[in-house]
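Q: the following block contains a protein sequence and its predicted model.
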Amino acid sequence: MKVKLDIRRRLTLVVLSTGLIALIVLGGVAFYGINGVRNLALKSAEELGVRSALNSSTTIEMQQKKELSLLAGDKATVINQQLSTLALEVKKIADQMTYIQSNPNLFILQDVEGSGSAGAAFYVQRSADAFFGRAQLGLTANIRDFLIRAVETNEMMISMSVASRQKFTLTAAKRSTQSDNPPIFFDALNADWYRRAVKERTLIFTDVKADGKALEIFCAAPYFDDEGELAGVVSARGSLEKIAGIVTEVTLRDAGFCFLLDNRARAIITTDRKMPSDEQSELAAGSNVDLRSSDNLALADIASQMVDGFKGIRSARIDGKTYLIAYAPVERTDWSFAVAFDESEVLDPIVENAELIKSLTQKSIAVLDDHIRTTMIFFGAFIIIQLLATAYVGRRLADHFVEPIEQLSDGVREISRGALNRKLSIKTGDEIESLAITFNVMTDRLRSYVENLKRSTAEREHIETELSVASNIQQSMLPWEFDLGRSEVELSASMKAAKEVGGDFYDFYLLEGDRLMMTIADVSGKGVPAALFMVVSKTVLKNFALTTNDLAAAVEQANYRLSQNNDELMFVTVFAAVLELRTGRLVYVNAGHNPPLVRRAGRFEYLRSEEGVALGIDEDQTFRQSSITLESGDAIFLYTDGVTEAMNFDGDQYSEGRLLARLNAIDDRATAEEILKAVGDDVKVHVDGAEQSDDITMLAVKFNPLDGGADKM
Amino acid sequence: MEIIKEADGSNLTVKLVGRLDAATAMQLDKDFATSLKGVSNLALDLAQLDYVASAGLRILLKTQKKMDRQGSMVIKNVQDSVREVLDMTGFSNFLTLEENAKKKLQINF
């Protein structure tokens, strides 16, 4: 379980950390980028704001100045036009008068009496000391209609007069509601306009005069007679009401004012404005002050510029306030018109504009910041969602990987409990599936192996059982009842097979005529083949021993039988002996077997005999028998090579010498059984636990004839 | 037991080293089943063979019989202990031992 969780956790962790790293890197880059963009945007927005504020301030200032200059220029032009129209009328009448005076015979003498027209009254005035003739007056009267029409048509015109050098004056005056009283010009020749026109012999404008509240100006021009002598002066009395209107109609939102200077820098008209106190304005109209000599140097400078006919715009402090002053000349009269505007008002929009731009910049920065913050929040939310999704996907992925592993481990656990028929069914299409397939193959092999093992175990058990049965059969084939009912002999024998069944055998039985047949044999090899051959050998030997009186013949016949069809070349070494119980005569044949030991006169000795050949090799083999005679108390010890060749761990054989020594160390009175046991124990001591490699078979016979029966022989 | 073979054309010399008991006899039997093909003169050198069991005797006899059909076999340098067994069992009569090669009896199977 721990491992499973570990894999799941590890996978989740890997997926999560990979995602996390990617997101952190991405997020870092994105945050860095966004932040950089933000800083740049803020910086450039601020810079843009400042610069555009500066730019637009300059633009606005220039615009304002331009507008002021244009305004000043426009108004000056209008004023100039008005004055020029007045001057033109005067010039026209003066020219007409000169024509009349120069060509008196072209005109008839007019009656000067009579009233004017609907728009203008007409007067004739004479000085008390007038010296004119009737003809001169009548001639001059030809101008009457011109005068009346001029007065009627010109807006500025209050009246127009022709003042003759001969001290009479013809006047046409605009009819007005105020007064119909004609202006008296008896002393026209002393009027400043007359004197100046005579003196300068050209068209002149007088200074502005104030007639009560109304401002007036006279325009005058001389006329001449046929001899070129001065004959009189034509004058027009113009109202400046219209011009004042023009000046005052300039609306400056209470932030400025206009003023008109005459050719000597005196303020003619100044827009009414509220003064902070009752102080006299520096630009009060009609104060008759030459502004060029003002203490206000900036104003004086501007006044000089204006009088000199320049056009421009300057800044000056007037009445405690700074104004921007635009001025333009009125050429006709060498006047100059100016528009003054509160500089702070001019600059206010600039400041406002700057502040507006600043606030716009701030606002756009705020919007930008807001956008960036929103983006950041969205991005953060996205990262969190992404992380959750990654965790989920990682978990799912881990499940996806771990589930088949769990299935696999569950299946393996079942299989390990012995469910070898269990098949793993995992269809993931990856290594786990191939592992499952491999596992299935392994389980199949394991199952067939287990089945084989079971089968072979069963077989082996079967064989073992059979072998055990065979061993029992073999043991039971060997005579185990040593009491033959004959007191002359005492017998004991043993056969200890190296395997379940052995190739050795011993045998003893009584033959006709009180004879004891004893045999010991060793079949080549060990195990089942040897055992089979042993059975055959034993049976054949016994068969012939029982039917043939001669031992050698019986052995020869047995040899012949055993050599038949012996393709495997199995053979058996045999020592066979027949003891005549009544005489003690021992007849024996040794067919290739170890020489037995015989105890005679208290001593064991090897019974060497004719070299015989093992049975089963040569069917035509002949055997010779030998004989000795035993006395009472003598004994014979038969054995197979399993005794003398029994080996200890060092590979040392028990040997014939040790066997002989051991037998001779045994008490004469020892029974056959005791002899067997003594030798067996000694062999056991010698091998000292080493594995038995060959069958160990022994047979001991002790000869004890009744009442010394053997001695009688 | 160790089986050392030296082949020289159709002559084969086999040295047996150690003990020729039931187990090694089977080993030798198996070996000879193939290695004696095409051999006409087999020499068994038993100088270092310390022990021979009855099963070993059987293989020696079987080999002798086989070699008598396809050529010849001679057993050399038999140790005394082995010689005793051969004599005791009468096998020395059926095997061609170098020193008494001429005394050998004819075997009739």
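A: Arrived safely, thanks for sending. Numbers count the residues shown, from 1 in each chain, chains lettered A, B, ... in the order given.

Q: so residue A:127 is in contact with residue A:187, correct?
A: Yes: in terms of C-beta atoms under 8 Å, residue A:127 counts as a neighbour of residue A:187; the distance is 7.3 Å. Placement of C-beta: from N, CA and C, glycine included.

Q: these two: which has the busier surroundings?
A: residue A:127 (18 against 13; other C-beta atoms under 10 Å in any protein chain shown).

Q: any idea of the pLDDT on the nearest residue in space to the more buried one that is not next to it in sequence?
A: Distances taken as C-beta to C-beta, 6 or more residues apart in numbering or on different chains put residue A:167 closest to residue A:127, at 3.7 Å, once the chain neighbours are dropped. On the pLDDT scale, residue A:167 is placed at 81.

Q: equivalent analysis for residue A:681, please.
A: As predicted, residue A:681 sits at a pLDDT of 94.

Q: helix/strand/coil for it?
A: helix (DSSP: H, G, I helix; E, B strand; the rest coil).

Q: show me what contacts the residue in chain B that chain A sits nearest to?
A: Residue nearest to chain A within chain B (C-beta to the nearest C-beta): residue B:90, separated by 3.0 Å. Contact partners of residue B:90, counting by C-beta atoms under 8 Å, 6 or more residues apart in numbering or on different chains, are A:591-592, A:611-614, A:617.

Q: show me what contacts the closest residue to it other than its chain neighbours?
A: Once flanking residues are discounted, residue B:90 sits nearest to residue A:613: 3.0 Å by C-beta to C-beta, 6+ apart. Contacts for residue A:613 (C-beta under 8 Å, 6+ apart) come out as A:591-592, A:621, A:623, B:89-91, B:93-94.

Q: so what's the residue count around the residue nearest to residue A:127?
A: Residue A:167: 19 neighbours (other C-beta under 10 Å).

Q: that one touches residue A:189, doesn't it?
A: Yes: counting by C-beta under 8 Å, residue A:167 does reach residue A:189; the two are 6.4 Å apart.

Q: mutual contacts of these two, please.
A: Contacts common to residue A:167 and residue A:189, judged by C-beta under 8 Å, 6+ apart, are residue A:127.

Q: pLDDT at the residue nearest to residue B:90, what is it?
A: Residue A:613 carries a pLDDT value of 90.

Q: could you measure from it over to residue A:488?
A: 32 Å (C-beta to C-beta, to the nearest Å).

Q: try residue A:154
A: 205 Å.

Q: what do you get for residue A:19?
A: Distance, residue A:19 to residue A:488, by C-beta to C-beta: 108 Å.

Q: which strand residues bridge the residue of the stretch 451-600 of chain A at minimum distance from chain B?
A: As assessed by C-beta to the nearest C-beta, chain B sits closest to residue A:592 within the stretch 451-600 of chain A, at 3.4 Å. With DSSP bridges applied, residue A:592 shows beta-bridge pairing to residue A:574.

Q: ok, now which ones touch it?
A: Counted by C-beta under 8 Å, 6+ apart, residue A:592 has contacts A:571, A:573-574, A:612-615, B:88-91.
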